[in-house]
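Enquirer: coords please:
(2 chains)
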Amino acid sequence: AQSVTQLDSQVPVFEEAPVELRCNYSSSVSVYLFWYVQYPNQGLQLLLKYLSGSTLVKGINGFEAEFNKSQTSFHLRKPSVHISDTAEYFCAVSVGQKLVFGTGTRLLVSP
Amino acid sequence: DGGITQSPKYLFRKEGQNVTLSCEQNLNHDAMYWYRQDPGQGLRLIYYSQIVNDFQKGDIAEGYSVSREKKESFPLTVTSAQKNPTAFYLCASKGDHSNQPQHFGDGTRLSIL
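Expert: Numbering: from 1, shown residues only, chains lettered A, B, ... in the order given. Sure thing, here's the model as predicted:
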């Protein structure tokens, strides 16, 4: 069965510092990968997606992610975070018509 | 604007009572989903539907029921058999191809009185 691992449950970082949120997946077939962001008491908003082609994917709010097939990873990065980036971030892999989610990483940005 | 509307935002249930959460979409999507979110556990799939009048159980369907009589609507009923219903419930929809992302509503928070 396909699975997604987000090893860091919480990542504290100072404003304007770079950040990387890690995501690893298990799959023996081609995958579609997604990162979502969730602000408190809201639904999930799509940040970016990897379908095929270039392994570096750019998303909204200055985020980007790199697909690494050999390491089965899809880490999310931002070169300089803002206070407003404080939220929970979910990595997901497509399995047919369903999504399998990681358990999420809470990004805490402090001044 | 196209999107997914969940109502109500907050819902309270008494012991032994069934409650129904509403989910409506105007994105013309065939597939719709219900998830349950608990702290530290991510999203878990309750039920999903790929077409009108058809739906499948997800990973945690016990104590829940759904219907899909219209393409736009996918209501979720939390029955009295669900012993721990307090959670944040999210509805989503997506287009036909597996590479299309799911679009989410703003959720319903259910609490027990």
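Enquirer: so where is chain A shaky, pLDDT-wise?
Expert: Applying pLDDT under 70 to chain A flags residues A:28.
Enquirer: And the residue of it closest to chain B?
Expert: Residue nearest to chain B within chain A: A:Gly43 (3.6 Å; CB to the nearest CB). To be clear about C-beta, it is placed using only N, CA and C from the backbone, and glycine gets the same treatment.
Enquirer: Just give me the neighbour total for that residue.
Expert: A:Gly43 is flanked by 21 other residues according to other CB atoms under 10 Å in any protein chain shown.
Enquirer: Thought B:Arg109 was touching it, still the case?
Expert: No. A:Gly43 is beyond contact range of B:Arg109, at 11.8 Å (criterion: CB atoms under 8 Å).
Enquirer: returning to that earlier point: the residue of chain A closest to chain B: what's it in contact with?
Expert: B:Ile4, B:Gln6, B:Leu90, B:Ala92, B:Phe104, B:Gly105, B:Asp106, B:Gly107 (CB atoms under 8 Å, 6 or more residues apart in numbering or on different chains).
Enquirer: so the first one sits right up against B:Tyr33, yeah?
Expert: Yep, that's B:Ile4 we're talking about. No. If you go by CB under 8 Å, B:Ile4 and B:Tyr33 don't touch, sitting 10.2 Å apart.
Enquirer: Now the common contact residues for the two.
Expert: By CB under 8 Å, 6+ apart, the residues touching both B:Ile4 and B:Tyr33 are B:Cys91, B:Ala92, B:Ser93.
Enquirer: Keep only those of those that are in strands.
Expert: With DSSP state E as the criterion, strands contain B:Cys91, B:Ala92, B:Ser93 from among these.
Enquirer: partner residues bridging the nearest residue to the first one once chain neighbours are set aside?
Expert: Which is B:Cys91. What sits nearest to B:Cys91 in space, not counting adjacent residues and going by CB to CB, 6 or more residues apart in numbering or on different chains, is B:Cys23, at 3.6 Å. Beta bridges link B:Cys23 to B:Gln6, judged by DSSP bridges.
Enquirer: Please list all residues in contact with B:Cys23.
Expert: When contacts are counted by CB under 8 Å, 6+ apart, B:Cys23 touches B:Ile4, B:Thr5, B:Gln6, B:Met32, B:Trp34, B:Ser73, B:Phe74, B:Pro75, B:Leu76, B:Cys91, B:Gly105.
Enquirer: Can you check the pLDDT for it?
Expert: Note for B:Cys23: predicted pLDDT of 98.
Enquirer: Please tell me how far it sits from A:Gln10.
Expert: Between B:Cys23 and A:Gln10 the computed distance is 30 Å (CB to CB, to the nearest Å).
Enquirer: Also B:Phe88?
Expert: Distance, B:Phe88 to A:Gln10, using CB to CB: 18 Å.
Enquirer: More neighbours: which of these two?
Expert: B:Phe88 (18 against 10).
Enquirer: Give me the helices and strands touching the host helix or strand of that one, please.
Expert: Assigned by DSSP states H and E, B:Phe88 falls within strand B:87-94. Contacts defined by 3 or more CB pairs under 8 Å, 6 or more residues apart in numbering or on different chains; DSSP states H and E place strand B:87-94 against strand B:4-7, strand B:19-25, strand B:31-37, strand B:103-104, strand B:108-112.
Enquirer: Cheers, nothing more for now.
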